[in-house]
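Visitor: got a structure for you, letters missing:
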């Protein structure tokens with residue numbers, strides 16, 4: 001898909017970036033000495049151009065599984081709508097190109113290929129949420145404009161939850177990805193924290209043998225011939241201070257992280273500011 005189309009779709013999210021927010025890991029939760037129940041689960045099925053998803057979920061750390069039953073890549077942006085706002089107001093704000101200061105981006109399963117499943121873990125607090133897909137369709141129109149959005153209500157829960165135990169820390173800054181240690185083959189839980197002033201995402205790419213992230217970025221601009229890589233999940237945009245967890249399984253090969261969020265200052269994709277990284281799993 002052309003990068004210009006992807007950037008146009010993600011420009012919608014520029015309205016959400018850069019807000020200070022509460023969220024992420026709470027010390028009172030993670031320091032609990034009582035036995036914690038398993039995390040909550042939410043399975044969301046995507047196709048053109050709808051989600052099958054729960055209307056309500058209990059508060060707590062929630063493992064969000066995206067199952068892509070469509071023919072195009074999809075992802076899930078989870079946005080908390082503070083101060084009692086609802087999805088209709090969010091869509092009106094997007095249409096009017098207004099900055100909704102009551103939105104907090106929590107992440108969610110990122111670009112997922114057709115027939116694939118990706119997973120993240122996020123923390124949900126009681127309130128109103130929107131789940132939406134802003135990936136571009138083949139005609140360049142973001143999926144949310146075709147109706148790919150749902151409202152979610154999160155209700156208080158009696159039982160506390162705790163996050164999964166992460167074995168890798170991934171820190172997002174302006175404009176870099178910093179991992180705590182090399183990624184090895186096998187299953188991993190990656191704790192992703194955005195310490196930057198702007199919202200950032202982690203789009204994972206699995207590269208074809210012999211290909212590089214430079215090849216992939218060039219192909220996005222002019223997609224001719226076989227793709228040099230495939231979307232491999234990650235986490236959708238997170239506001240400043242937000243923590244999420246990527247749950248995935250790596251096989252040996254070459255991979256990359258890339259962020260397509262538009263910059264708050266010049267509107268350019270963050271990967272053009274250097275927020276792209278390539279690494280080998282071996």
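Guide: Here it is on my side, so go on. Source: prediction; values computed, not measured.
Visitor: Okay, and the nearest residue to residue 246 once chain neighbours are set aside sits in which element?
Guide: The shortest distance from residue 246 to any non-neighbouring residue, by CB to CB, 6 or more residues apart in numbering, is to residue 190 (4.3 Å). For the C-beta atoms, the positions are set from N, CA and C on the backbone; glycine is no exception. Using DSSP states H and E, residue 190 maps to strand 186-194.
Visitor: circling back to that earlier point, looking at it, the residue nearest to residue 246 is touching residue 165, isn't it?
Guide: No: counting by CB atoms under 8 Å, residue 190 does not reach residue 165; the two are 11.5 Å apart.
Visitor: Same drill for those two, tell me which one is more crowded.
Guide: The residue with more neighbours, out of residue 190 and residue 165, is residue 190; 23 against 8, by other CB atoms under 10 Å.
Visitor: and residue 145, that's in a strand?
Guide: No: assessed with DSSP: H, G, I helix; E, B strand; the rest coil, residue 145 is helix; it does not lie in a strand.
Visitor: ok, which stretches of the protein are helices?
Guide: 3-10, 27-30, 87-95, 213-221 (DSSP state H).
Visitor: so how far is the third one off the chain centroid?
Guide: Averaged C-alpha coordinates place helix 87-95 at 20 Å from its chain's average position (CA atoms, centre = their mean, to the nearest Å).
Visitor: in that helix, what's buried?
Guide: 87, 89, 90, 93, 94 (16 or more other CB atoms under 10 Å).
Visitor: elements contacting that helix?
Guide: Packing partners of helix 87-95 (3 or more CB pairs under 8 Å, 6 or more residues apart in numbering; DSSP states H and E): strand 77-81, strand 127-132, strand 149-155.
Visitor: So what touches the last one?
Guide: It refers to strand 149-155. 51, 53-59, 86-87, 91, 124-133 (CB atoms under 8 Å, 6 or more residues apart in numbering).
Visitor: Can you say which of those are buried?
Guide: So, by 16+ other CB under 10 Å, the buried ones in the contacts of strand 149-155 are 51, 53, 57-59, 87, 124-125, 127-133.
Visitor: how far away is the residue nearest to the spatial centre of the chain from residue 120?
Guide: Nearest to the mean C-alpha position of the chain, counting by CA atoms, centre = their mean, stands residue 236 at 1.4 Å. For residue 236, the distance to residue 120 equals 8 Å [CB to CB, to the nearest Å].
Visitor: likewise residue 181?
Guide: For residue 181, the distance to residue 120 - CB to CB - is 20 Å.
Visitor: quick one, which of those two is more surrounded?
Guide: A direct count of neighbours by other CB under 10 Å for residue 181 and residue 120 places residue 120 higher, at 28 against 8.
Visitor: In this structure the more buried one contacts residue 243, no?
Guide: No: using CB under 8 Å, residue 120 makes no contact with residue 243, being 10.9 Å away.
Visitor: could you dump the buried residues of helix 87-95 to JSON lines with distance to residue 176?
Guide: Below are these laid out as JSON lines (distance: CB to CB, whole Å):
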{"residue": "87", "distance to residue 176": "33"}
{"residue": "89", "distance to residue 176": "34"}
{"residue": "90", "distance to residue 176": "30"}
{"residue": "93", "distance to residue 176": "30"}
{"residue": "94", "distance to residue 176": "29"}
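Visitor: Can you tell me which of those residues has the lowest confidence score?
Guide: Among the buried residues of helix 87-95, residue 94 has the lowest pLDDT, at 72.
Visitor: these two touch, right, residue 268 and residue 261?
Guide: No: applying CB under 8 Å, one finds residue 268 not in contact with residue 261, separated by 10.0 Å.
Visitor: Return the helix or strand in this structure with minimum mean pLDDT.
Guide: In the chain, no helix or strand scores lower on mean pLDDT, DSSP states H and E than helix 27-30, which sits at a mean of 36.
Visitor: which neighbours do residue 236 and residue 120 share?
Guide: Joint contacts of residue 236 and residue 120 (CB under 8 Å, 6+ apart) are 107, 108, 109, 110.
Visitor: Relative to residue 41, which of those is nearest.
Guide: Distance to residue 41, by CB to CB, is smallest for residue 109 among the shared contacts of residue 236 and residue 120, at 13.1 Å.
Visitor: burial measure for the closest one, as a count.
Guide: 31.
Visitor: Report the beta-bridge partners for it.
Guide: Note on residue 109: beta-bridge partners by DSSP bridges are residue 235.
Visitor: isn't it right next to residue 119, touching?
Guide: Yes: between residue 109 and residue 119 there is a contact at 6.2 Å, judged by CB under 8 Å.
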